[in-house]
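Undergrad: Dropping a prediction and its sequence here:
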Amino acid sequence: MDSEIPLPPPRRIRHRSPANANPSATGIAVSSFQRTQRLSRFDDRSSQPSSDPALFSSDDIPASGLENYHATVSGAGRKRRYRGTWWGEQVPDPKRKRAEFKDKRNVDSGVWMGSDESGAESLLPSEDGSAWGEDLRKSVLDPRKLGSSTPFAVETENMPTQNRVVLKSPEESDAHRFARQVVGDCLDKGHESIDLGDFHLVTIPPGLLRPLQHLTKLPSVKEAPVSENVFTSLQPFLSIYLPNNSLSALHNDLFELTHLKVLSLRNNKLTEIPSTIRRLTALEVLNLSVNQLSYLPWELLKLMQQGELKHLTVRPNPFLPIEKAQIAEWHNAPTNEKGMKNDEASSPPLEFQEQESSLGKGWSPLHIATGPITYMNMEGTPMGDSPSRNRSPLTPSGSTSPVNDAPSMREVALRAVSKLPYLEQTTDEELAEYPAMIVPLLRQAREVRAAGGQPCSVCHREYVIPRAEWMEWWDFTPCENGMKMPRCPGERLRPLPFRRFGCSLSCVPRSR
Amino acid sequence: MAQPTDSEFVTIVSDDGFEFIIPRSTAYVSETLRIPLSSTNFPEGREGKFVLKDFSGVIVEKICEYLCYNEKHKDQVNVPDMDIPPELCLELLMAADFLNT
């Protein structure tokens, strides 16, 4: 009975649309009463059995439509305002139906189904909560990204699937994008060695390596007969290869991959390896050759002594040669030699001496020499040779100067600052609001916090501002280049400089 | 470094009038306190009283606590951390800058 009568559409679209109708709370009881009345009338007229007739949305009872299922029955009163043809027919036209359908789409059904709209997909939270929040904040704060409709649209950088990379902000360089693709690919397929060589990376983009923490090997089971040897650990033998890039600094993300086994940074532009490398306790192979390093972090030595690091390649690098360096004390000097200390003319004792207690000495790193100590003042800048601190670096003396060995008040306060929550989330703009003299200190505390703390190399307590710094020369030839031979007596030692920090003026090397 | 007053204690006064009496040697940890307190040319040195005008009583109490802490752990190697409530640490940083400790 619907489409037979070609009549102009009645102007009642608004009345039928439930999304626009304002349900009146007062009319509930009244309208339900009216509705039952009307239904009974309808029943009589159609002479149907006593059961309720089927209700259709095209029926001329406005309140009976599906769209009014939850809405308060408000259409009852509208019946009286009906304006149609005189014979009471209502003519729905196809256009109007379509509009109604769209209206229906806008009603939240509470059921979520997968849609092909990419906006809905990017609403999924990423695996990493903190990075997600950071991205969100960035996109909210960054006026360049105002074009994107929601802040979530930029969030996709942590889930580097092919189609999501397209959504990335356009300022990301090609190298970063390709690197993300490679990392995402490895994550998807469970590859445990990530090859990012020759990518011309200048920096490691934030968030690139962090998902690798959750990399899991895929089980190798393909078919039904399961043999014994498929039950292997899914813990990956994680290797990251970053050779032939232009990296000048390493991101802290890299050092959060605590189960990293192989790391190659060959042929980069690194000038310094951060001491945070101590967190890579599972590291077995490290290649730092062809960089601009002049010293190594002392923490690397700990990885060799206590960790798994057995294969370290560091040459060639412009290390400070021991012959030219200032040496305060030789540790490997034979006992019969005299006057070795501070004697530049004599040849340094660089031959391996067999000693009585040298059972493991052929393998372990050997302490050759210690350089002079540079003391730093309370703000971390090197102090000159002040007469008030006239103490020999290796003989602690009870000094009566006002500078003493207890942590400075700055240090004490900064340690408290570095324990504050939300410190790493403060931006430079927020820091700039603080008085200028404490801003560099706060920034330093934030860096230390981002690096996951910084224990003193002597007393192992967390500190912010180093107060003492010195070089130690260690020889680790057996570990170098994967040599599998212990040292033999008379072998020429090739010690390398390791930079070491102390947290207070008393955290200095002790003389033997 | 002649001591102008023979008392072995000095008084540190906060902005809001709280007075803290601490041993003179502990106050000398801070350069900013030591110079005026040890000289008769300054009124602080004559009275043995130093007013920290920019800091409230809570902060000055913490400052004095630190000064004693520093004195106590002067030559120790393994110094325990001093407990600083997080809401005070920024102001203490300012105080540390002022006192040069």
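TA: All right, it came through fine.
Undergrad: switch to C-alpha atoms for all contacts and neighbour counts from now on
TA: Will do.
Undergrad: hey, where'd the strands end up in chain B?
TA: Using DSSP state E, the strands of chain B run over residues B:9-13, B:19-23, B:49-51.
Undergrad: out of those, which comes closest to chain A?
TA: Among the strands of chain B, the nearest to chain A by CA to the nearest CA is strand B:19-23 (14.6 Å).
Undergrad: The closest one pairs with which strands, parallel or anti?
TA: strand B:9-13 (antiparallel) (DSSP bridges).
Undergrad: Let me see the residues that make contact with the partner strand.
TA: B:19-24, B:27, B:48-52, B:60 (CA atoms under 8 Å, 6 or more residues apart in numbering or on different chains).
Undergrad: How about stretch A:461-471?
TA: Stretch A:461-471 is contacted from outside by A:370-380, A:411, A:414-415, A:444-445, A:448, A:453-456, A:497-505, A:507-508, using CA under 8 Å, 6+ apart.
Undergrad: Among these, name the ones in strands.
TA: A:T370, A:T374, A:Y375, A:P497, A:F498, A:R499, A:R500, A:F501, A:G502.
Undergrad: per-residue pLDDT, the last one?
TA: Looking back up the chat, that one is A:G502. Turning to A:G502, the model gives it a pLDDT of 85.
Undergrad: in the sheet, who's paired with it?
TA: Beta-bridge partners of A:G502, as defined by DSSP bridges: A:A468.
Undergrad: what's the closest non-adjacent residue to B:N70?
TA: A:A406 (5.7 Å; CA to CA, 6 or more residues apart in numbering or on different chains).
Undergrad: Provide the secondary structure category for that neighbour.
TA: With DSSP: H, G, I helix; E, B strand; the rest coil as the basis, A:A406 sits in coil.
Undergrad: Who are the contact partners of it?
TA: A:S504, B:N70, B:H73, B:K74, B:D75, B:Q76, B:V77, B:V79.
Undergrad: Give me the lowest-pLDDT entry from the residues you listed.
TA: B:V77 (66).
Undergrad: Please report how far A:A175 lies from A:V290.
TA: As judged by CA to CA, to the nearest Å, A:A175 and A:V290 stand 21 Å apart.
Undergrad: Same question for A:L303.
TA: 21 Å.
Undergrad: Repeat that for A:W474.
TA: As judged by CA to CA, A:W474 and A:V290 stand 20 Å apart.
Undergrad: For the top helix by length along chain B, enumerate the helices and strands it packs against.
TA: Longest helix of chain B, by residue count under DSSP state H: helix B:57-72. Using 3 or more CA pairs under 8 Å, 6 or more residues apart in numbering or on different chains; DSSP states H and E, the elements in contact with helix B:57-72 are strand B:19-23, helix B:24-27, helix B:89-99.
Undergrad: do that again at 7 Å, thanks
TA: helix B:24-27 (3 or more CA pairs under 7 Å, 6 or more residues apart in numbering or on different chains; DSSP states H and E).
Undergrad: Mind checking which of the contacts of A:A406 land in helices?
TA: Reading helices off the contacts of A:A406 with DSSP H, I get B:N70.
Undergrad: Please, a PyMOL command that selects the buried ones among the contacts of A:A406?
TA: Applied in PyMOL, the following selects the buried portion of those according to 16 or more other CA atoms under 10 Å in any protein chain shown:
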select buried, (chain A and resi 504) or (chain B and resi 70+73+74+75+77+79)
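Undergrad: what residues does chain B put near chain A?
TA: When proximity is defined as CA under 7 Å from any CA of the partner chain, chain B approaches chain A at B:29, B:66, B:70, B:73-79, B:82, B:84, B:86, B:89, B:92-94, B:96, B:101.
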